[in-house]
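J.: give me a 3D structure for the following:
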Amino acid sequence: MTAIPDAEVDRDAARAERKARLFTRINKASAWFNILGLGFLTPLARIAAGDDPRAQSRELWRLLGVPLAAIGLFLLAWAWLAPQVETSLGAVPGPAQVWTEAVELNADAARKAASAAEFYERQEARNAKLEAAGHADRIKWRDHTGAPSYYDQIWTSIQTVFFGFLIGTAIAVPLGIVMGLSPYAAAGLNPLIQIFKPVSPLAWLPIVTMIVSAVYVTNDGLFSKSFLNSAITVTLCSLWPTLINTSLGVASVDKDLVNVGRVLKLSTWTKVTKLILPSALPLIFTGLRLSLGVGWMVLIAAEMLAQNPGLGKFVWDEFQNGSSSSLAKIMVAVFTIGIIGFLLDRLMYAIQSMFTFSTHR
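T.: The predicted structure follows:
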């Protein structure tokens, strides 16, 4: 029998150790790939690291191939069925027409951004000449008043939904904690929740609009009235999932844990922050994810009804426009709304994972 040199044994052991460390890192990264909706990267990384390519190829097909095949079938069915449906604006646009309008909206946004940049450059040059000529009193700074681009309207909607969502969270989480800790608070607030939870944003919006117009009388405040109308409507419709899930999460905390806090004579604040909230975090974040999704849907409806700036107004304006490209632009907006909704949910899931990890370290 031929003896294996010690140096070769050491090299094999070192190689195996490096491979084990590599797969450990891949396993850790896999959790984040799944959170971000990029789970298909895990089998690719495993194949690159030298894992069984046949097994990982099957996993890659499940995670990437099957979804892509489903999307391809959807696009084929859409392309086949769309021309067969005639509307007042012509046939329903297929994938190619919708993509063409998406490209045009992007080009239009680039033109508007260039126009705004030229406007501010001319304004700065003019004001610089006035200052050099000793006419500083005639210097004026004006905002560009051109129509907002498609990306401007997307950004407006995202800002609005996050503002309304944060207000709702600031209301719902403390109330939910109180309801979870006190059966009397839960009994008192539950009827109000059951009454107001099903109310449509279309019912809240006129009330909010009238109240904001009566209370927010300034014209040069930090927020515009249209922004507040939409954001407060989002708040009123989206806080309920967070409120209910927070109260359920707090009420479901192990009673032995609560008794430990009582035995240690912890203050209410310490008991809530150190014992109650860490245990209730999964349900609280489930409520937050649901609330953000509801808020995003509510916002589009509110913007359409109130004609407030944002994606909802874009859809309504195109519907009223009635041009041959309007339906395709509306469908671009539909896909945009869906993709942003997905990304918002992934964002909340990532935040939930970070908080859950930090509380269990």
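J.: can you give me the helices in the protein?
T.: Under the criterion DSSP state H, the chain contains helices at 6-35, 41-48, 53-60, 66-81, 95-132, 150-181, 183-196, 201-215, 225-251, 255-263, 268-270, 277-306, 311-321, 326-359.
J.: next, the buried residues of the longest one.
T.: It refers to helix 95-132. For helix 95-132, a neighbour-count test (16 or more other Cβ atoms under 10 Å) marks 97-98, 101-102, 105, 109, 112, 116, 123, 127 as buried. C-beta coordinates here come from the backbone N, C-alpha and C atoms, glycine included.
J.: and those residues, which is closest to Ala69?
T.: Val98 (20.5 Å; Cβ to Cβ).
J.: how far off centre is stretch 282-292?
T.: Once both centres are worked out by Cα atoms, centre = their mean, to the nearest Å, stretch 282-292 turns out to sit 12 Å from its chain's centre.
J.: no, scratch that, I was asking about stretch 105-125
T.: Centroid separation for stretch 105-125 versus its chain: 28 Å, with Cα atoms, centre = their mean.
J.: contact partners of that stretch?
T.: 141-142, 144, 146-152, 329, 332 (Cβ atoms under 8 Å, 6 or more residues apart in numbering).
J.: can you count the residues close to Leu305?
T.: When neighbours are counted by other Cβ atoms under 10 Å, Leu305 registers 19.
J.: and if you look at Thr235?
T.: 24.
J.: for it, give me its contacts.
T.: 164-165, 167-168, 171, 295.
J.: burial count for the residue lying closest to Ile158 once chain neighbours are set aside?
T.: Spatially, and ignoring its direct neighbours in sequence, Ile158 is nearest to Ile340 (7.0 Å; Cβ to Cβ, 6 or more residues apart in numbering). Neighbourhood size, Ile340 [other Cβ under 10 Å]: 16.
J.: give me the pLDDT for Ile340.
T.: Ile340 carries a pLDDT score of 94 in this model.
J.: how far away is it from Gly310?
T.: 11 Å (Cβ to Cβ, to the nearest Å).
J.: where does the stretch 251-361 of the chain dip in pLDDT?
T.: Low-confidence segments of the stretch 251-361 of the chain (pLDDT under 70): 356-361.
J.: before we move on, back to that, ok, of the buried residues of helix 95-132, which one's closest to Asn27?
T.: Lowest distance from Asn27 to the buried residues of helix 95-132 (Cβ to Cβ) belongs to Ala102, with 37.9 Å.
J.: nearest residue to Thr209 other than its sequence neighbours?
T.: Nearest non-adjacent residue to Thr209, counting by Cβ to Cβ, 6+ apart: Asn229, 5.1 Å away.
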